[in-house]
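J.: no letters, just coordinates:
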């Protein structure tokens, strides 16, 4: 049995801290030595992570999935060239809708001298949109071109004045410069990352108090490592290799999760081919048949999800052990006529999934996507189900949407039409009815999709069929008016619709047992003031796994952002949702289940002050009110924090926050996004009564090396233990230290 001792205990300190620290220190010294051998004339700069927290809060509600951080980091390392990227490539970035991508391309055609400031002011882009464009793209000025004065031509023919009220909420001029990005990609590049986490108090699975089923079989060391190497040959193409190894605390090996790929891209603007051997993701249409890990959810970004559509092949760089493909894939992009572009992806995947096996009947009762293999029962799940997948996705589009050339005028029609299908086969019968599981031992999931755009309006739709013949689909419309952006979405998926690799934009993250209508709007008539709002009405066709009757609900959201002065911004967010729920009253024989309408209202007041070029201060108050339709006493949750970010030089920065919270139970919990080391996410649910604080330091001793350390502490005053089961901490305090080193050549 593996034991875990407190940091106050000598044995644990020697076993975990010294082990992890020695590994990282050794890697750091090797990296310092190697970096010292490199010569570079470019200025050092620390990658910005403090503002990413605000972007994530804008793109996702606090308690749901967020855009892939690995994808954002990848594009920060290998940025898209904004003037030559296709509309589909721009849509890969979260928050960039089809209409926004088309509008950006049209504007860049009119303004060859455009920069990010001009894009933000003229197109009314939000803070999150301009941040992601600066973070993931490069915009080169064509100084050798004679640019006509078309300042009066913003989008549709010149009837919008340069000082239009359609301006976005601008960031201060001192913050609007492009984010620090890495130097141009050399012909040969290497990127290594290592990360470890330490706990001050042990989880129950590491202690002698654990039952046999709770005992963790591995050491308490948590370690993440990733190595990426690339080679660019101008006359041949681009080649990349990636290897990721991860171990959660309690798992047996430092390579408990092992992922990697080899990727090659070659061709020109007329014809381009990409090949991946290893782990990858495929995006198809609007995602109802298959998509990458995270689809868009309801958030302050109320427009972009409406017309989400793509056909894309992405390398898998995450350590999240969920639904990705493992095998080979090839993508072909070709301009087949003057105004026609074709994109085709074909792939095959073979891997063993973690699943619960009924050995008596030799059937699978459930699949496991948690990715933890620490206890004997978790280890027994590994590799029990063989999965084979073969798929194809194709899209024919007008050059404006699918090609590389700059978009045409606003009066031109642009369109796309595509289809995708994948055959999935398990080597055992699966009896689970989970939405994450294919309902049959084998079958085909397919979809057809299309888009149509003219002027500043776009419509996108997809119709999907699962392996059992169930039909579902989604349609979205987006339009940009004078000072307004509008969107509408309708979706319907029957009770038995199953698409394990699909995503849904609605109340549920998976496309099943739901119908609804969503309306979104952005109002920006007044300079420095922006209001985002949505309303979503939905219902299920039948009962769900937890509610014995159909679930009906209404979700209303609004967020107002006001740039009071150049350095001061205030945000107010209001949200109310009422939906069907069930509650158990009483205990034992006297217990009874009651179905009722559960309401939750939330208020957020957030202020930010950039007091100088190097110092940014934040403060927030957030409250939640939960009602139970008279079934039980309403609950209240509150949270308040103050925080600061200080970047005195390009070499290092420090960020910290102090939080106080009090809620009646988990029902009234309050979530908050936190600044954390690059490539990770911190979004804790705070409930009960307590305090939380964290501090993070980023330091760049050499141009090619970034060191990060983040300490976080949570203390609850209303309990003596935190959590339950194998991960229970026998203390009211959870303290963690996260350390990371990044080396780039």
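T.: All right, it came through fine. Treat the numbers as computed from the prediction; the structure is a model and nothing was measured. Numbers count the residues shown, from 1 in each chain.
J.: for my notes, confirm residue 205 occurs in a strand.
T.: No - counting by DSSP: H, G, I helix; E, B strand; the rest coil, residue 205 falls outside a strand, being helix.
J.: what's the weakest-modelled helix or strand in the chain?
T.: helix 10-12 (a mean of 38; mean pLDDT, DSSP states H and E).
J.: domain ranges for this protein?
T.: Per automatic domain parsing, the structural domains of the chain span 10-175, 270-297+314-511.
J.: make TSV from the ones you listed and add mean neighbour count to it.
T.: Every C-beta, even on glycine, is put in place using the N, C-alpha and C of the backbone. Listed next are those as TSV, based on neighbours: other C-beta atoms under 10 Å:
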stretch	mean neighbour count
domain 10-175	18
domain 270-297+314-511	19
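J.: please name the nearest non-neighbouring residue to residue 389.
T.: residue 349 (4.2 Å; C-beta to C-beta, 6 or more residues apart in numbering).
J.: ok, residue 596 next?
T.: Closest to residue 596 by C-beta to C-beta, 6+ apart is residue 629, at 4.2 Å.
J.: in contact with that neighbour, which residues?
T.: Residues in contact with residue 629 (C-beta atoms under 8 Å, 6 or more residues apart in numbering) are 596, 597, 598, 599.
J.: quick check, pLDDT for the third one.
T.: At residue 598 the predicted local distance difference test score is 95.
J.: just the buried positions in stretch 513-528, please.
T.: Neighbour counts over stretch 513-528 (16 or more other C-beta atoms under 10 Å) mark 513, 514, 515, 516, 518, 520, 521, 522, 523, 524, 527, 528 as buried.
J.: swap in stretch 558-567?
T.: Buried residues in stretch 558-567 (16+ other C-beta under 10 Å): 558, 559, 560, 561, 563, 567.
J.: returning to what we had before: want to try TSV for the domains of the chain, with distance to residue 658 as columns?
T.: Listed next are those as TSV, based on distance: least, C-beta to C-beta, whole Å:
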stretch	distance to residue 658
domain 10-175	15
domain 270-297+314-511	29
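J.: and residue 488, how close does it get to residue 621?
T.: 33 Å (C-beta to C-beta, to the nearest Å).
J.: for residue 276, that is, sorry about that
T.: From residue 276 across to residue 621, the span is 47 Å (C-beta to C-beta).
J.: could you do residue 253 as well?
T.: 46 Å.
J.: then residue 261?
T.: Computed as C-beta to C-beta, the residue 261 to residue 621 distance reads 45 Å.
J.: I'd like the next helix or strand past whichever strand or helix holds residue 313.
T.: Assigned by DSSP states H and E, residue 313 belongs to strand 310-315. Using DSSP H and E, the helix or strand that follows strand 310-315 towards the C-terminus is strand 325-337.
J.: got the angle for the following helix or strand past that next one vs strand 325-337?
T.: Using DSSP H and E, the next helix or strand after strand 325-337 towards the C-terminus is strand 340-353. Going by axes from the mean of the first three to the mean of the last three C-alpha atoms, to 10 degrees, strand 340-353 is angled at 170 degrees with respect to strand 325-337.
J.: where does the prediction get shaky in the stretch 251-400 of the chain?
T.: 399-400 (pLDDT under 70).
J.: span of stretch 288-298 from start to end?
T.: Start and end residues of stretch 288-298 are separated by 16 Å (C-alpha to C-alpha, to the nearest Å).
J.: kindly report the same for stretch 353-366.
T.: Length of stretch 353-366, first residue to last, C-alpha to C-alpha: 11 Å.
J.: identify the residues contacting that stretch?
T.: By C-beta under 8 Å, 6+ apart, the residues outside stretch 353-366 that reach it are 321, 367-369, 371, 373, 381-387, 426, 428-432, 434, 437.
J.: same thing but 6 Å
T.: By C-beta atoms under 6 Å, 6 or more residues apart in numbering, the residues outside stretch 353-366 that reach it are 367, 368, 381, 382, 384, 385, 387, 428, 429, 430, 431, 432.
J.: now the residue nearest to the third one when sequence neighbours are not counted. Its backbone dihedrals?
T.: Closest residue to residue 381 apart from its sequence neighbours, by C-beta to C-beta, 6+ apart: residue 354 at 4.4 Å. Per-residue torsions, residue 354: phi -80, psi 130 (degrees, to the nearest 10).
J.: verify the contact between residue 583 and residue 595 for me.
T.: No - checked against C-beta atoms under 6 Å, the pair residue 583 and residue 595 is beyond contact range at 8.2 Å.
J.: so for stretch 202-212, what's the average pLDDT?
T.: Mean predicted lDDT for stretch 202-212 stands at 91.
J.: ditto for stretch 701-711
T.: Here stretch 701-711 scores 93 as its mean pLDDT.
J.: in it, what's buried?
T.: Quick answer for stretch 701-711 (16+ other C-beta under 10 Å): 702, 703, 704, 705, 706, 707, 708, 709, 710, 711.
J.: in terms of secondary structure, what does the helix or strand encompassing residue 389 contact?
T.: Taking DSSP H and E as the criterion, residue 389 maps to strand 385-398. With contacts taken as 3 or more C-beta pairs under 6 Å, 6 or more residues apart in numbering; DSSP states H and E, strand 385-398 sits against strand 340-353, strand 413-426.
J.: how near is the closest residue to residue 233 other than its chain neighbours to residue 137?
T.: In this structure, residue 233 finds its nearest non-sequential neighbour in residue 187, 7.2 Å apart by C-beta to C-beta, 6+ apart. Per C-beta to C-beta, residue 187 is found 21 Å from residue 137.
J.: so what pLDDT did residue 667 get?
T.: Residue 667 is given a pLDDT of 93.
J.: okay, it and residue 600: tell me how far apart.
T.: For residue 667 relative to residue 600 (C-beta to C-beta), the value is 8 Å.
J.: anything in contact with each of the two?
T.: Common neighbours of residue 667 and residue 600, using C-beta under 6 Å, 6+ apart, are residue 626.
J.: and the helix or strand containing residue 273 with strand 310-315, angle?
T.: Assigned by DSSP H and E, residue 273 falls within strand 271-285. For strand 271-285 against strand 310-315, the angle by the same axes, to 10 degrees is 110 degrees.
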